[in-house]
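# I need the structure of the sequence given here:
(chains A and B)
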Amino acid sequence: MAALEEEFTLSTVPLGAGPNGLLGVEQSDKTDQFLVTHGGRTVILYKVSDQKPLGSWSVKQGQIITCPAVCNFQTGEFIVVHDNKVLRIWNTENVNLDKVFKATLSAEIYRIHSIQGTEPLVLFKEGAVRGLEALLAEPQQKIETVVSDDEVIKWTKVFMVFRHPVLIFITEKHGNHFAYIQTFSSRTLSKYTLFHGQEEKSVIQNFTASVDRKFISLMSLSSDGCVYETLIPIHPRDPDENQRVVRSLLLKTVVAGNAPSGVALTVLDQDHVAVLGPPLPASKECLSIWNTKFQTLQTSRELPQGTSGQLWYFGENLFMLHGKFLTVIPYKCEVSSLAGALGKLKHSQDPGTHTVPHFVNWETSRGYGFGSQNSEQSKRILRRRKIEVNVPPPAFEQLLSTIKKDSEKDIEVELCKFLAVKRTPDFHAIVGDIVLELLGRHTTEPSFYPRNSLMQLIQTHVLSYSLCPGLMEAALEKTDVQMLQLCLQQFPDIPESITCACLKIFLSISDDSLQETEINMESVSDCSDPVQEKMDEQTEILQNGFNADEQNCDSCDRKLNQKPQDAAEETTSCPVVPKRAALLRNAILHSAYSEMFLLPHLKDIPAQHVTLFLQYLYFLYLKCSENATMTLPGLHPPTLNQIMDWICLLLDANFTVVVMIPEAKRLLLSLYKFVKSQICICSELNKIEVSFRELQKLNQEKNNRELYSIEVLELF
Amino acid sequence: ASTSGAEHASARARGAAVERDEPPAIGIRCVAYNNQSNRLAVSRTDGTVEIYNLSANYFQEKFFPGHESRATEALCWAKGQRLFSGGLNGEIIEYDLQALNIKYAMDAFGGPIWSMAVSPCGSQLLVGCEDGSVKLFQITPDKIQFERNFDRQKSRILSLSWHPSGTHIAAGSIDYISVFDVKSGSAVHKMLVDRQYMGVSKRKCIIWGVAFLSDGTVISVDSAGKVQFWDSATGTLVKNHLIANADVQSIAVSDQEDSFVVGTAEGTVFHFQLVSVTSNSSEKQWVRTKPFQHHTHDVRAVAHSPTALISGGTDTHLVIRPLMEKVEVKNYDAALRKITFPHRRLISCSKKRHLLLFQFAHHLELWRLGSTVATGKNGDTLPLSKDADHLLHLKTKGPENIICSCISPCGSWIAYSTTSRFFLYRLNYEHDNISLQRVSKMPAFLRSALQILFSEDSTKLFVASNQGSLHIIRLLEGSFKHLHTFQPQSGTVESMCLLAVSPDGNWLAASGTSAGVHVYNIKHLKLHCTVPAYNFPVTALAIAPSTNNLVIAHSDQQVFEYSIPDKQYTEWSRTIQKQGFHYLWLQRDTPITHISFHPKRPMHILLHDAYMFCIIDKSLPLPNDKTLLYNPLPPTNESDVIRRRTAHAFKISKIYKPLLFMDLLDERTLVAVERPLDDIIAQLPPPIKKKKFGT
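The predicted model follows:
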């Protein structure tokens, strides 16, 4: 969630807007230190966290600084231009700007760019670009003219793309705008005409840009108060041709249309932009943070003393002129979490500031942009839900009233519309209310069972048992196995009694009725094939580790081996039909429970069902032990621990009953044998642990150097 | 001989400390956290009390030596950052944190003291005694005054806790908890604790700890492994958590009363938090949230600072576990800290005679290092032609622990001090025989020393006594003469804890726990200058030969070099301050405890902490955050260019650890003393056995 922190004032010297105001704020090579160039004669280096100046330099009376001072990140020196043509380079140890290095150039400089990782780049008013080193080597070199007559550079920025700088500048000629992209990796300059699209009358007031791998996203703030985005490829297909690029609407009316002055725009990160300006025609000026992805206003801060339409953003700090002082507002955008979002809603209402009350309706603002979509933006549309553009989102109340009286079909249609709308923070609560409303009607009028709507609501992934307490009971009543499975998979907080009731239904439902239902069979089929007949071998192998001459164990073995062949098959092929297996495996075994609460309910399950379930669990166990990792195949298989826990629980709850059932005898015997072997393994492991400890001790003694030793050590 | 770099033969005295009658490792008995000063007081089973400054990188800035008869059972802070302890000798002790001595000891007349608690307003002190009495003391500005007894109970009072309003107290005894009304002094409720332990009736159930919350809940921890919640208004059990198969020995509650921590005899620390029952209801309940297993033995004491859980116990480690949700910046302060070794030097060496003096709680050991005639290549262990000799085992007289000790560089003098006496011995070497002669009639002012140092030529003895004075004594053959005493700066009573003398004998540097380092001119016997005070305490001091540069290490891992003749920081020190230390250097968690110099290489500074030693070569470029700080020796087959390019000023070796002491004996010999953790663990009683496999 984006947030603005408490603002503070940086300079104590009042500044005026206009030519004697602020020329620029630039980063220096130290974090937290910034170069502030006052229009006129002064450059001040501030340490922002301390709010104090570290150094100040002025040019002589009569000279005038024409371009903001920058820091050369490669050398740590500062560079400023005065009187358009004169470069001054100095460092923090210099006191007087008159005595520092000076270079007079042959053409007028528009701007010097300096970013991490490359030498400073000098942009001349005629559009030529030079690296600083090359320029200093021959200051009087001829500078070519790139832009035509009457074309004036309006704005410029530089990026690093794949470790090479890319410079963009925008020019204006008779109300038309052109973008120039200068790449330094391939030394190409490409020119684009910015096509205004439908809103010809608006005048572009401010630019900002961000870059990703292939495109520069140029955002412009127009006099109609909207933000437009233009995507300009960094590497053009045909560099010589004058190409046109189309702009599209990104945010609608972020500032009041035809604001007199003081509007500015800057990109904060991928999804956020900061906008400076009055949100409504009559209101005071504001700094607002907008999320471009969701087109929502994240936060805003009123600037009652007015501002100058200049905004800089460096390393978590926004710089702007508030009244006559340079103000810093730290900006943070943390990864939003649900807890954070819920908590934020409460205290976002700071006293003294008030958030701007109007939100953009994203449906209508979308409608504008359709004519001039480019590929990037159409992709963005696809990502959203496909809905008819002109249908107004049905209000929650409207849906509720539909639920009260209309048919299931109508409800489904309304629900579809409702779910298509953007989710609000309290979406889960609203969905819970809808479910309760549906269930309420179901109780009063039993024939009404809006199954499809309920399924659709469950699949929103926001429901939990406690949000719609009656839902699972209703499904149990209707023996709606499919919905129960869905609930078990989705809800995190199902009481053990309900889990157990579901289990009962899953075990008791007839195979015929199972065939008719649609059940998520996720990865169960590959597990229902019979287990290979190698169980007996396995037990032999297990026994090699310990005393094999135990009478009991042998006798069971013998008994087992004496069983007819068909009985052996019975235990090793899946004892339940795949659909039932899917229910048990994907829903029940994964559900959360607490033994204490589950046990009493398990006692209520009829004995033959317990046996069936046990057989199935045992089958799963055998499946598990087929491979070395002891896992089941499939996407979300139950773990061995989950299977074992359920076996133990079932036996704990029903042992007295199960032990009396003849069908379960063979199963119990195998389980008994299994436990026995486990105990043997444990005791063996205990023995091994002791031996290992002895070995470790021996090893330590070997490593342990003497109490006193002399070693040779080569020291550097 | 190798082709590049110097070759040092290194003598390693490995665990030379472990000897026949080694006393058991000294476990932690109590911890007390003071919120105002962010300091932690820790008492050990031998009666030692240590003060850790949590703001200064967890540095152990002060300590009070132990005493055989003064086993501390309770420790608490009162208003104005006054520290009190109570112990089995029945005395309440107040400590003077400025002068580093005991302000007074006062008998409570109730037999051994088992528990102590300061009232929420900080002006009343409660002690629980062996005879079942709970005694209330009024804390006056300079002493404590007995006020009255509460109703006498049947058996010893093992734990006490005040209600935050100060009107009631809870007292844990054996088998029951009493709630007292402070005004009347009578027991309001008596809450019987179940002796049953997992169905088996134990003989007794000892209430090891109680905590009284402002809503009237009393939380108790007992020897049956239970954490129980009681309603003090009705005297009924509200909730029971069985958390261990052994004793739960300690409890500490946070100031906000939204979380508490308990420690068990199995070495586990459990964190309990007050959590909402459902997401939006106001009803809250205590839930056991996190278990931590940082100890192997009993966790005898726990404390809860606003941001961390602190625990200590029999295994001697002090563990500080930050609560991630309370830590705002996820920086290195959020890391777990385990403090095992003292933050001061316990070993001194005589370079001339190759002797090491080891200081223990109640005795000193003098060892002569062995020698070899063999040579070898890097990494070899050479056969010994002569093994190390245990020359001397010097037991202290009396019950007091040794505070500090020192052997002179020539090896002929040994000095040590306890809280009340100062001892000086003259050693005579005749072939293989060694004779020891005590110098008698020490002057009265030499009673208790915090630090002792001999000059390089062993003719002078410098003693930092408490109350801040520094004595200089000239040593003659078998006798001594008091030369001078530097009195502390007017108005300060802070004791000097660290001393350093220049090899030419002209300068003496002394530092306290917080004020700057003072440098004295010994020739003219006057204060020469004071190094500007720094926010963090000094952990080690040394003066370099020839240049007389004073090297100061601070607990925040900064190292300064100050030129004594020029009275200013050296150019190198300024450069490194400007550029900043490498972030990994600043993230080390043990302080530098010793600094020394190579006689022939003036550009080298050798320093060490518990886990590494470092040679700073001032002639090489400083590392920045992008370079590799721990730069192991580049393989010799690399070209010189690469070796030079990767070289920087910090040459770090972690080959010896835990490192208690390291010094250069001569140009080619380095002595390192390790204290292997295994040896400490071996001395501990066996931990509670837990089965790993099976049932």
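# what about the helices in the stretch 101-250 of chain A?
Counting by DSSP state H, counting those that start in this stretch, the stretch 101-250 of chain A has helices at residues A:132-137.
# could you list the contact residues of it toward chain B?
Proximity of the stretch 101-250 of chain A to chain B (CB under 8 Å from any CB of the partner chain) involves no residue at all. Glycine gets a C-beta too; all of them are placed from N, C-alpha and C.
# for the stretch 101-250 of chain A, just list every one of the strands.
For the stretch 101-250 of chain A, applying DSSP state E, counting those that start in this stretch gives strands covering A:101-104, A:109-113, A:121-124, A:129-131, A:152-161, A:164-173, A:176-183, A:188-195, A:204-211, A:215-222, A:227-233, A:243-251.
# what pairs with the third one, parallel or antiparallel?
Strand A:121-124 has the following sheet partners, assigned by DSSP bridges: strand A:109-113 (antiparallel), strand A:129-131 (antiparallel).
# among the ones you listed, which is nearest A:A628?
Of all these, strand A:109-113 sits nearest to A:A628, with 59.9 Å by CB to CB.
# which SSE is B:L125 in?
Assigned by DSSP states H and E, B:L125 belongs to strand B:124-129.
# and the contacts of that strand?
With contact meaning CB atoms under 8 Å, 6 or more residues apart in numbering or on different chains, strand B:124-129 is reached by B:74, B:76, B:78, B:84, B:86, B:90, B:92, B:108, B:110-119, B:134-139, B:144, B:147, B:156-160, B:162, B:166, B:169, B:171.
# ok so, going back, can I get the strands of the stretch 101-250 of chain A in JSON lines with mean pLDDT and mean neighbour count?
Converted to JSON lines, these look like this (pLDDT from 0 to 100; neighbours: other CB atoms under 10 Å in any protein chain shown):
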{"stretch": "strand A:101-104", "mean pLDDT": "86", "mean neighbour count": "14"}
{"stretch": "strand A:109-113", "mean pLDDT": "89", "mean neighbour count": "22"}
{"stretch": "strand A:121-124", "mean pLDDT": "89", "mean neighbour count": "24"}
{"stretch": "strand A:129-131", "mean pLDDT": "87", "mean neighbour count": "19"}
{"stretch": "strand A:152-161", "mean pLDDT": "86", "mean neighbour count": "18"}
{"stretch": "strand A:164-173", "mean pLDDT": "87", "mean neighbour count": "19"}
{"stretch": "strand A:176-183", "mean pLDDT": "85", "mean neighbour count": "20"}
{"stretch": "strand A:188-195", "mean pLDDT": "81", "mean neighbour count": "18"}
{"stretch": "strand A:204-211", "mean pLDDT": "80", "mean neighbour count": "21"}
{"stretch": "strand A:215-222", "mean pLDDT": "84", "mean neighbour count": "22"}
{"stretch": "strand A:227-233", "mean pLDDT": "83", "mean neighbour count": "21"}
{"stretch": "strand A:243-251", "mean pLDDT": "78", "mean neighbour count": "19"}
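# quick one: secondary structure of the spatially closest residue to A:A607 that is not a sequence neighbour?
Leaving out its chain neighbours, the residue that sits closest to A:A607 by CB to CB, 6 or more residues apart in numbering or on different chains is A:V657, at 4.7 Å. Three-state call for A:V657 (DSSP: H, G, I helix; E, B strand; the rest coil): helix.
# which pLDDT value belongs to A:V657?
The model reports A:V657 with a pLDDT of 85.
# just give the closest residue to A:D493, not the sequence neighbours.
Nearest residue to A:D493, sequence neighbours excluded (CB to CB, 6+ apart): A:Y465, at 4.8 Å.
# now the residue nearest to A:V254 when sequence neighbours are not counted: which helix or strand?
Of all residues not flanking A:V254 in the chain, A:V275 sits nearest, at 4.8 Å (CB to CB, 6+ apart). Using DSSP H and E, A:V275 sits in strand A:272-277.
# follow-up on the earlier one: doesn't A:L265 make contact with the residue nearest to A:V254?
Yes - counting by CB atoms under 8 Å, A:L265 is a contact partner of A:V275 at 5.4 Å.
# same drill for the two, tell me which one is more crowded.
A:V275 (26 against 23; other CB atoms under 10 Å in any protein chain shown).
# list the contacts of that one.
Listed by CB under 8 Å, 6+ apart, the contact partners of A:V275 are A:L221, A:V227, A:V254, A:V255, A:V263, A:A264, A:L265, A:L287, A:S288, A:I289, A:W290.
# okay, the closest residue to the fourth one other than its chain neighbours: pLDDT?
Yep, that's A:V255 we're talking about. Nearest in space to A:V255, with sequence neighbours left out and distances taken as CB to CB, 6+ apart, is A:G277 at 3.5 Å. According to the prediction, A:G277 has pLDDT 82.
# quick one: B:K523 and B:L424, what's the gap?
Separation of B:K523 from B:L424 (CB to CB, to the nearest Å): 24 Å.
# neighbour count: these two, which is higher?
More crowded of B:K523 and B:L424, by other CB under 10 Å: B:L424, with 22 against 10.
# just the element for that one, please.
Counting by DSSP H and E, the element that carries B:L424 is strand B:422-430.
# run me through the strand neighbours of that strand, direction for each.
Strand B:422-430 pairs in its sheet with strand B:413-417 (antiparallel), strand B:433-438 (antiparallel), by DSSP bridges.
# which residues are contacting it?
With CB under 8 Å, 6+ apart, strand B:422-430 has contacts from B:353, B:392, B:394, B:396, B:411-417, B:434-439, B:442, B:446-449, B:461, B:463, B:478, B:480.
# just the buried residues of those.
Among those, the ones that count as buried by 16 or more other CB atoms under 10 Å in any protein chain shown are B:353, B:392, B:394, B:396, B:411-417, B:442, B:446-449, B:461, B:463, B:480.
# burial of the residue nearest to A:A607, as a residue count?
As a burial measure, A:V657 scores 16 neighbours (other CB under 10 Å).
# my guess is it meets A:Q608, correct?
No - contact between A:V657 and A:Q608 fails when scored by CB under 8 Å: they sit 10.0 Å apart.
# which residues do the two both contact?
In contact with both A:V657 and A:Q608: no residue, using CB under 8 Å, 6+ apart.
# for the residue lying closest to B:H67 once chain neighbours are set aside, give its distance to B:R82.
The shortest distance from B:H67 to any residue other than its chain neighbours is 4.7 Å, reached at B:G47 (CB to CB, 6+ apart). B:G47 is 18 Å from B:R82, where distance means CB to CB.
# tell me which of those two has more neighbours.
Taking neighbours as other CB under 10 Å, B:G47 and B:R82 compare with B:G47 leading, 26 against 21.
# wait, what's in contact with the more buried one?
Going by CB under 8 Å, 6+ apart, B:G47 touches B:G66, B:H67, B:E68, B:R70, B:A71, B:T72, B:G87, B:N401.
# quick check: the gap between the fifth one and chain A.
B:A71 sits 31 Å away from chain A, going by CB to the nearest CB, to the nearest Å.
# got phi/psi on that residue?
B:A71 adopts backbone torsions of phi -70, psi 120, taken as degrees, to the nearest 10.
# tell me who's in contact with it.
B:R29, B:T45, B:D46, B:G47, B:G87, B:L88, B:N89.
# repeat that for 10 Å
By CB atoms under 10 Å, 6 or more residues apart in numbering or on different chains, the contact set of B:A71 is B:R29, B:S43, B:R44, B:T45, B:D46, B:G47, B:G87, B:L88, B:N89, B:P112.
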